[in-house]
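> 3D, please:
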Amino acid sequence: MIKKAIRWFIGIGGGSVGVLIYFLMYNILETVKPAYMSKSIFDVAMLTTLFILFGIIFYFIAPFLMKKSQQIANYIQNEVSKIPLPEMITTIFGFIISIVIAYFVTSPIKAIPFVGIPLTMAIYIFLGYIGSNIGRIKKDEIAKYIHSKRISSREKINKKTVNAMPKILDTSVIIDGRIADIIDTGFIEGKVIIPTFVLEELRHIADSADDLKRVKGRRGLDIINEIQNKSNVTVEVNETKFDVEYEVDIKLLKLAEKLGGSVVTNDYNLNKVAQIQNVKVLNVNELSNAVKPQLVSGEQINVQIVKEGKENSQGVAYLDDGTMIVVENGKKFVGSSIEVEVTSVLQTPAGRMIFAKTK
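As a prediction, the model looks like this:
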């Protein structure tokens with residue numbers, strides 16, 4: 001069915017060739033016009049005759065044309081498949097550059113009468129050939145240049161991180177997932193260390209019978225893969241071993257002391273223990289609190305009371321970032337949006353709580 005449609009298409013194309021020949025040979029055909037025939041009838045008759053004649057010719061030679069076209073296409077495909085991909089890319093790149101140059105070179109030449117267009121075509125062909133050949137010949141040098149640029153960019157990153165304190169990730173911050181976004185922003189400098197005992201703990205969590213723990217564990221492993229694929233930071237899996245009886249938190253602190261690094265966590269208790277042992281800690285929750293919009297006493301905000309508070313008259317609302325707001329006399333407004341006035345803000349490493357009253 002497709003071959004038949006292509007054959008008809010070639011036949012119509014042949015008819016179009018006949019029409020083109022008519023216009024090209026119009027002056028010659030005018031000399032053979034019979035005297036008794038009007039010009040309009042002769043034109044229509046010649047156009048129709050040439051269209052049908054060449055349409056029939058091309059229709060019958062269509063199988064031959066299709067076969068030859070297929071052979072040519074197969075030949076080109078085989079030859080192109082033999083060309084290495086770097087050579088093909090540099091050849092195409094060189095050809096495109098040469099065509100752009102030819103466009104600017106030939107802009108004033110096109111206006112020259114008679115020779116302008118032929119000369120323009122010759123320049124395009126010549127420069128296209130030269131450009132593609134240069135691209136093909138210089139493929140190795142171009143590949144080396146690109147490779148050296150990649151190496152130099154990595155070296156720059158490494159130089160920046162040489163003097164920076166390594167960051168050791170604990171289990172909680174990996175499962176939390178925000179660390180991947182923080183790394184994307186470029187705020188983390190130095191090596192990112194993932195201890196093998198943290199990986200083991202994540203594997204155990206991922207294999208847990210509890211559905212929630214299993215989901216958290218698998219999410220943590222996915223976050224590690226995501227971090228390892230980031231190009232703006234160096235990630236290292238540290239295989240330092242400690243006594244089995246030590247808990248993971250103790251191992252983290254000992255590893256931080258050994259490497260002279262800091263522990264990245266959102267575990268409040270680990271944060272406190274690290275401070276006692278003079279180990280530097282980067283708490284993701286503290287960072288999150290630091291970048292939250294600041295509210296001061298007396299400021300008025302619009303909130304929705306979602307539930308009752310612990311005290312009889314209290315209502316509870318939340319900001320968009322999840323910060324809890326305890327509203328005095330807000331119980332009767334549960335389910336409604338009201339304007340409240342901030343009375344105080346309680347800030348702790350574990351989070352922030354806002355106290356307010358109704359107006």
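
> can you give me the end-to-end distance of stretch 188-197?
22 Å (CA to CA, to the nearest Å).

> sorry, that was for stretch 201-210
Note: stretch 201-210 ends 15 Å apart using CA to CA.

> equivalent analysis for stretch 284-296, please.
23 Å.

> kindly report the same for stretch 184-198.
First-to-last residue span, stretch 184-198, CA to CA: 22 Å.

> next, the buried residues of that stretch.
Ile188, Glu189, Gly190, Lys191, Val192, Ile193, Ile194, Pro195, Phe197, Val198 (16 or more other CB atoms under 10 Å). C-beta: built from backbone N, CA, C; applies to glycine.

> what does stretch 215-229 give?
Lys216, Gly217, Arg218, Arg219, Gly220, Leu221, Ile223, Ile224, Ile227.

> what does stretch 326-337 give?
Buried residues in stretch 326-337 (16+ other CB under 10 Å): Val326, Val327, Glu328, Gly330, Lys331, Phe333.

> I'd like the residues you listed as CSV, with distance to Arg136, secondary structure and pLDDT appended.
Converted to CSV, the buried residues of stretch 326-337 look like this (distance: CB to CB, whole Å; DSSP: H, G, I helix; E, B strand; the rest coil; pLDDT from 0 to 100):
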residue, distance to Arg136, secondary structure, pLDDT
Val326, 73, strand, 90
Val327, 74, strand, 90
Glu328, 79, strand, 90
Gly330, 76, coil, 86
Lys331, 79, helix, 85
Phe333, 76, helix, 87
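
> between these, which is nearest Ala5?
Using CB to CB, the shortest approach to Ala5 within these belongs to Phe333, at 72.4 Å.

> find the residue closest to the closest one in space, skipping its chain neighbours.
Ile305 (4.5 Å; CB to CB, 6 or more residues apart in numbering).

> same question for Ser98.
Counting by CB to CB, 6+ apart, the residue nearest Ser98 is Gly131, at 2.5 Å.

> what strand or helix carries the one you found?
helix 116-137 (DSSP states H and E).

> which residues are in contact with that helix?
87, 90-99, 101-102, 105-106, 109-110, 112, 142 (CB atoms under 8 Å, 6 or more residues apart in numbering).

> just the buried residues of those.
Using 16+ other CB under 10 Å as the burial test, the contacts of helix 116-137 include Glu87, Thr90, Thr91, Phe93, Gly94, Phe95, Ile97, Ser98, Ala102, Thr106, Ile142 as buried.

> of these, closest to Gln71?
Closest to Gln71, out of all of the buried ones among the contacts of helix 116-137 and judged by CB to CB, is Thr91, at 23.8 Å.

> hang on, that closest one in a strand?
No: judged by DSSP: H, G, I helix; E, B strand; the rest coil, Thr91 forms no part of a strand; its state is helix.

> which residues are in contact with it?
The neighbourhood of Thr91, defined by CB under 8 Å, 6+ apart, consists of Ile83, Ser132, Gly135, Arg136, Lys139.

> among those, which ones are buried?
Of the contacts of Thr91, these count as buried by 16+ other CB under 10 Å: Ser132, Gly135, Arg136, Lys139.

> need the contact list for the closest residue in space to the second one that isn't next to it in sequence.
Once its chain neighbours are removed from consideration, Gly135 has its nearest residue in Gly94; the separation is 2.4 Å (CB to CB, 6+ apart). Residues in contact with Gly94 (CB under 8 Å, 6+ apart) are Gly131, Ser132, Asn133, Ile134, Gly135, Arg136, Lys138.

> Gly94 - that's part of a helix, no?
Yes: when classified by three-state DSSP, Gly94 is found to be part of a helix.

> break the chain into its domains for me.
For the chain, the structural domains run 2-136, 165-289, 295-358, going by automatic domain parsing.

> so what does the biggest helix by length in the chain touch, helix or strand wise?
For the chain, the helix with the greatest residue count under DSSP state H is helix 39-82. Taking 3 or more CB pairs under 8 Å, 6 or more residues apart in numbering; DSSP states H and E as contact, the helices and strands that helix 39-82 lies on are helix 2-24.
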